[in-house]
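Trainee: Attaching a predicted model along with its sequence, questions to come.
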Amino acid sequence: MTSAIQKFSLGVAVASAALAAQPATAQQAEPFKLGIVTFLSGAAAGPFGVPARNAAELAVETLNAGKMPAPYDKKGINGQPIELVIVDEAGGTTKQVTEYRNLVQRANVDAIIGYISSGDCLAIAPVADELKKLTIFFDCGTPRIFEDASYKYLFRTGAHATMDNVAAARYLLAQNKNIETIAGINQNYSWGTDSWNDFKASMQALKPGIKIATEQFPKLLAGQYGAEISALLVEKPDVIHSSFWGGDLEAFVLQGKARGVFEGRTVVLTAGEPAMFRMATQIPNGTVIGARGPHGLFASDNALNTWLRAAYSERYGTPAVYPTYKMLQAILGLKAAVEKGAAGKPEKPATEVVISAFEGLSFETPSGRVDMMLGKGHQAIQATAYGTFKFDAAKGEPQLVDVVHYPAECVNPPEGAKSEDWIKGGFKGAKC
Amino acid sequence: MQKFYVILVDGTIYFSWLFIVSMGLTLIYGVMKILNIAHGSFYALGAYTAAYAVGVYFAGHYPPVGSFLLLILSGIAVGGIVGLLVERGLLRPMYGRDEIVLVLVTYAAFLVFEDLIKLIWGVDPYFAYQPYELLGRVSIGGIAFAVYDIGLFALAVVIGIAAWWALERTRSGKLLRAVIHDREISTAMGINVARMFTATFVIGAMLGALGGAITAPAISVVPGIGVDVIVLAFAVSIIGGLGSVAGAAVGAFVVGLARAFAVHLLPEAELFVIYGVMAIVLAFRPQGLFGRPAARKI
């Protein structure tokens, strides 16, 4: 009798254990739904949107297979396979807010990574907090996101545009101390105006008395820059600054080169790196190029970067450019935060737990370490680099020479400081 | 003084481009009373076809000078073919309906073409920079200008004179003017209005595509390049008076010059200036500079 009871008890125990284990298994198999928003159509798709989408697909495939180099070799995100829901960023801010709501309320995604356009980021930021959805901006550059407001559910894993422009100013003045006049041609929206204001203020702070020759703000996607180029040529500045990207950048290079804009002066293209390969024979030697971080040719050799360079060029037949690196950076940041929040447990941690883990997080990427140091731990800082373009005719490929790397604390404002005030105040606290 | 000369040259170059781009739009409206939103698609198709053709041409190491002819021919060819298809297949069943319906039909065509372009050429940019560099540069007032851009002025003059000659000096032109003046009376007088419509739409589409083709060497040909062109072409046509070829020329010149002045003297007003000019013109002449007030039929 005792034996029968024992057998029965054992059976119940095994059955209970099996039943108890079932939900855990089901939970483990439950995918981590990740919304990705990037340009798939329109002018930004080719240079930015598609390389970022490619990065997301490549990264998710590799993570789900558990083949990402350490410390990201755990499968998926905390063991859960990642399922992508990809949305086109084209169509303007109103459409993007609707698409964002669709991702949250209809697709029920666990987190959203996206947004290249600064205009879209400014529109999405308050909606992320309203809908309480973990959202990561991977590329947009305007510093205003966390300097003008504070958000709980929002993070940005790439440094903002201040870094690009402070570093550009430092690089130019280190290369040539005789710069007397500068001019700018930037797109007429938040990215362009913020970039120019930061660059202008940085140059004036680093070399007081520097003169502004002309400030041009053509319409986004204007394509025709004849009059602007004439204005630049008439004023004869020593340096021309442009944060142009995509088709606008490429059109400016074609038209400017034909008219001698790049001759006898230095042109700095803060977002020029994605155009380097497709316009290798068109960008004049001596042009200063930035990649919005130590991405692409600026990235140092580490296991993650070695994997990315090889896997990306093998799969897509083209080198990985900075939007690729920045998208991967966001995905790895999310994975690091979720897994830190999970603290070794297989369950999906609550959003609030992930947020706490994400705040102030430091994580490794193919471009080096990223520190979530600004915006109360929601905004990344990162080292950056600038170099000078040179086409290697023998190899038939572009190169960057005279590369200078800048530590993150040298070119990013400290926590609590507004970029504009930090620059005008002489970069207080900068560690260069 | 140097700045003044440079402004004049910049204004003239921009005028030339605007005139070529908006000419087709105003011609179609003048004859058919259709605000053709698909004009931007013709421009984009012209740019893509020309960029692709020039790329293949230079890859084949043919004589570089032939690329100019290729640009023009590819633009005209794609504009002609697509224009004919749109007019015959899409617009003809819609004639007689309200103007708003026709605007919506051309808008739908524009959306379809945007996706079609993406389907055919993808989202990566196309370049056809060789013809732009081939002609070198010339110094005017001490400032370098691309000879290719100066050549646009010559092309605009040729197109303007050809349009004037065709409308004023040929039998077909006189018939067309009759259609512009009164469609119903023209039909009653035995003019084949349907044929006139087809010819006008095809020529308008050719001009739109030609505008894209000749712009391709100076730009990165990417999805969406036709969108801004529609807005600019509308602004020019409205300033000059919708349907008036002379109006398109004057409108383009006013806009070109105003924009050049703004870029050089008040860059922050550059975005506003085109619409500022449009608002001023419409405040005093709602029908545009060369438009005629239309009597309302009751």
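Mentor: Cool, got the structure. Numbers count the residues shown, from 1 in each chain, chains lettered A, B, ... in the order given.
Trainee: and for the strand or helix carrying residue A:204, what are the contacting residues?
Mentor: Assigned by DSSP states H and E, residue A:204 falls within helix A:190-206. Contacts to helix A:190-206, defined as Cβ atoms under 8 Å, 6 or more residues apart in numbering or on different chains, come from residues A:117-119, A:122, A:140-144, A:161-162, A:164-166, A:168-170, A:172-173, A:179, A:182, A:184, A:186, A:210, A:212, A:215, A:217, A:220, A:239, A:241, A:243-244, A:270, A:419-420, A:423-424, A:426-427. Bear in mind the C-beta positions are built from the backbone N, C-alpha and C, glycine included.
Trainee: Just the buried ones out of the residues you listed, please.
Mentor: Neighbour-count burial (16 or more other Cβ atoms under 10 Å in any protein chain shown) applied to the contacts of helix A:190-206 gives A:117-119, A:122, A:140-144, A:161-162, A:164-166, A:168-170, A:172-173, A:179, A:182, A:184, A:186, A:210, A:215, A:217, A:220, A:239, A:241, A:243-244, A:270, A:419-420, A:423, A:427.
Trainee: just those residues that are near chain B?
Mentor: A:215, A:217 (Cβ under 8 Å from any Cβ of the partner chain).
Trainee: Which ones among the buried ones among the contacts of helix A:190-206 map onto strands?
Mentor: In this view, these that belong to strands under DSSP state E are A:182, A:184, A:215, A:239, A:241.
Trainee: any chance of those residues in JSON lines, plus pLDDT?
Mentor: Converted to JSON lines, those look like this (pLDDT from 0 to 100):
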{"residue": "A:182", "pLDDT": "98"}
{"residue": "A:184", "pLDDT": "97"}
{"residue": "A:215", "pLDDT": "95"}
{"residue": "A:239", "pLDDT": "98"}
{"residue": "A:241", "pLDDT": "98"}
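Trainee: Turn those into a markdown table, including distance to residue A:68.
Mentor: Listed next are those as a markdown table, based on distance: Cβ to Cβ, whole Å:
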| residue | distance to residue A:68 |
| --- | --- |
| A:182 | 43 |
| A:184 | 40 |
| A:215 | 44 |
| A:239 | 41 |
| A:241 | 37 |
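Trainee: Grab the two from those residues that are most spread out in space.
Mentor: Farthest-apart pair in these is A:215 and A:239; separation 12.9 Å (Cβ to Cβ).
Trainee: Residues that sit against both of the two, list them.
Mentor: Counting by Cβ under 8 Å, 6+ apart, the contacts common to residue A:215 and residue A:239 are residue A:183.
Trainee: Find the nearest non-adjacent residue to the residue of the stretch 51-200 of chain A found nearest chain B, please.
Mentor: The stretch 51-200 of chain A approaches chain B most closely through residue A:188 (5.7 Å), counting by Cβ to the nearest Cβ. Closest residue to residue A:188 in three dimensions, ignoring its sequence neighbours and counting by Cβ to Cβ, 6 or more residues apart in numbering or on different chains: residue A:217, at 4.1 Å.
Trainee: quick one, phi/psi of the one you found?
Mentor: phi -130, psi 70 (degrees, to the nearest 10).
Trainee: And it, how far from residue A:122?
Mentor: Applying Cβ to Cβ, to the nearest Å, the value for residue A:217 to residue A:122 is 18 Å.
Trainee: and residue B:2, what pLDDT?
Mentor: pLDDT recorded at residue B:2 is 81.
Trainee: relative orientation of the helix holding residue A:204 and strand A:181-185 in degrees?
Mentor: 170 degrees (axes from the mean of the first three to the mean of the last three Cα atoms, to 10 degrees).
Trainee: how far is helix A:190-206 from where the chain is centred?
Mentor: Offset of helix A:190-206 from its chain centre (Cα atoms, centre = their mean, to the nearest Å): 19 Å.
Trainee: In CSV, could you pull the C-alpha coordinates for that helix?
Mentor: The C-alpha trace of helix A:190-206 is given here as CSV (Å, rounded to 0.1, in the frame of the first residue of the first chain):
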residue,chain,number,x,y,z
SER,A,190,16.6,70.5,-37.3
TRP,A,191,19.6,68.3,-38.3
GLY,A,192,21.1,70.8,-40.6
THR,A,193,20.5,73.9,-38.5
ASP,A,194,21.7,72.2,-35.2
SER,A,195,24.8,70.8,-36.9
TRP,A,196,25.8,74.2,-38.3
ASN,A,197,25.1,76.0,-35.1
ASP,A,198,27.3,73.5,-33.1
PHE,A,199,30.1,73.7,-35.7
LYS,A,200,30.0,77.5,-35.9
ALA,A,201,30.1,77.9,-32.2
SER,A,202,32.8,75.3,-31.8
MET,A,203,35.1,77.0,-34.3
GLN,A,204,34.5,80.3,-32.7
ALA,A,205,35.2,78.9,-29.2
LEU,A,206,38.4,77.1,-30.4
